[in-house]
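>>> Following is a predicted model, sequence given first.
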Amino acid sequence: RMLRGHKLVIAHGSTTLDAAAATVPGRFVYRSIGDPTFWLSTTARRVKTGALLRTATATVALYPAAADALHKLARVPARRLRVIPNAVVVPDAAPGSTPVLPAASRNVLFVGALSWEKQVDHLIDAVAELDDTGLVCVGDGPDRADLERRAQAALGQRAVFTGALANPSPYYVACDVLGLTSVTEGQPGCVLEAALAGTPTCSYDVGGLNDMIQDGKSGRLVRDRTELAEALDWTLARHAELGGRAREIAQERFSMATVAQQWAELIEELTG
């Protein structure tokens, strides 16, 4: 009922596609927030999602490779595809907020859900290989208890789990590197939040990460866990230089002002 009264609907990922396609076909924009090559891995998913997306006025992908995948896998017409990246606004830290850090001289940060697809156990094991290096996990989820036990055994006092935080900004500033070991990602906001704080990311090369991170210049991208510890060590040793470049890229390409303007132009085009 809410959808029917509007000239244009923005459907933001996931099951909003089903609702918009059923209710306002031809009057909605679908924003694809993940990696289509992962979520369209079966024929059934490609057929169903493609049929729904072809009822959209336009589909917005976060990065060029995602748009190409939607065109090839879901048969979305190229003329209905747009690329508009992610953007974040990092809130100021609350007065007097002090991050709780491990007993280590340098720290790796994880921000996100403590669930299977984030593969935080890879990060724990990699940090355990490094001397005088701590791990801070900001977030909550179904795997938290198991991950805390694993971290306690591998890292002891070098691990801190904060739980979910409304504003993790102090941790982006206090830690040296953001670690990301997900099996799939689109353009994660935590990478942009870290970059705007001058903190580089060391990540698995999945989804749209290679559109956000210049490997060896603003962070590191690796294939799998066999390369992770060495890459983290390399990034930690150069975090200030890499973080400066990461901030420049985030301010240039992923600022809210830049991305909001692209959305404004698309909405004006579609609504006349």
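Here it is on my side, so go on. Numbering: from 1, shown residues only.
>>> From the contact counts, what lies against the strand or helix carrying E268?
Here E268, judged by DSSP states H and E, is contained in helix 256-271. Applying 3 or more C-beta pairs under 8 Å, 6 or more residues apart in numbering; DSSP states H and E, one finds that helix 256-271 contacts strand 28-31, strand 58-61. Bear in mind the C-beta positions are built from the backbone N, C-alpha and C, glycine included.
>>> 10 Å instead, please
strand 9-12, strand 28-31, strand 58-61, strand 81-83, helix 239-253 (3 or more C-beta pairs under 10 Å, 6 or more residues apart in numbering; DSSP states H and E).
>>> Run through who's touching the following helix or strand past the first one.
Yep, that's strand 9-12 we're talking about. The helix or strand immediately downstream of strand 9-12 is helix 16-23, counting by DSSP H and E. Helix 16-23 is contacted by residues 1-4, 9-12, 27-32, 48-49, 51-57, 59 when judged by C-beta atoms under 10 Å, 6 or more residues apart in numbering.
>>> Alpha carbons of helix 16-23, as CSV, please.
Once non-C-alpha atoms are left out, helix 16-23 reads as follows in CSV (Å, rounded to 0.1, in the frame of the first residue of the first chain):
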residue,chain,number,x,y,z
THR,A,16,12.7,-5.3,-1.6
LEU,A,17,13.0,-6.5,-5.2
ASP,A,18,10.1,-8.9,-4.9
ALA,A,19,7.9,-6.3,-3.3
ALA,A,20,8.6,-3.6,-5.8
ALA,A,21,8.4,-5.9,-8.9
ALA,A,22,5.0,-7.1,-7.7
THR,A,23,3.6,-3.7,-6.7
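>>> Can you give me the buried ones in it?
T16, L17, A20, A21 (16 or more other C-beta atoms under 10 Å).
>>> quick one, phi/psi of the closest residue to T98 other than its chain neighbours?
Closest residue to T98 apart from its sequence neighbours, by C-beta to C-beta, 6 or more residues apart in numbering: P170 at 6.9 Å. P170 adopts backbone torsions of phi -60, psi -30, taken as degrees, to the nearest 10.
>>> what do you get for A195?
Taking degrees, to the nearest 10 as the convention, A195 sits at phi -60, psi -40.
>>> okay but it is in contact with M212, surely?
Yes: the criterion here is C-beta atoms under 10 Å, and A195 meets it with M212 at 7.9 Å.
>>> any chance you could map the helices in the stretch 101-250 of the chain?
With helices called from DSSP state H, counting those that start in this stretch, the stretch 101-250 of the chain shows them at 120-128, 144-155, 169-174, 189-196, 209-212, 228-237, 239-253.
>>> Need these in a markdown table (columns: mean pLDDT, mean neighbour count and distance to P91).
Below are the helices of the stretch 101-250 of the chain laid out as a markdown table (pLDDT from 0 to 100; neighbours: other C-beta atoms under 10 Å; distance: least, C-beta to C-beta, whole Å):
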| stretch | mean pLDDT | mean neighbour count | distance to P91 |
| --- | --- | --- | --- |
| helix 120-128 | 98 | 22 | 24 |
| helix 144-155 | 98 | 16 | 24 |
| helix 169-174 | 95 | 20 | 6 |
| helix 189-196 | 96 | 24 | 10 |
| helix 209-212 | 96 | 20 | 21 |
| helix 228-237 | 98 | 20 | 25 |
| helix 239-253 | 96 | 17 | 15 |
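>>> Out of those, flag the one nearest R220.
When those are compared by C-beta to C-beta, helix 228-237 sits nearest R220, at 4.5 Å.
>>> what's next to that closest one, contact-wise?
Contacts of helix 228-237 (C-beta under 10 Å, 6+ apart): 105-108, 122-123, 125-131, 133, 135, 175-179, 181, 200-204, 215-216, 219-223, 227, 242-243.
>>> how about 6 Å then?
For helix 228-237, the surrounding residues in contact (C-beta atoms under 6 Å, 6 or more residues apart in numbering) are R106, A126, E129, L130, D176, V177, P200, C202, R220, V222.
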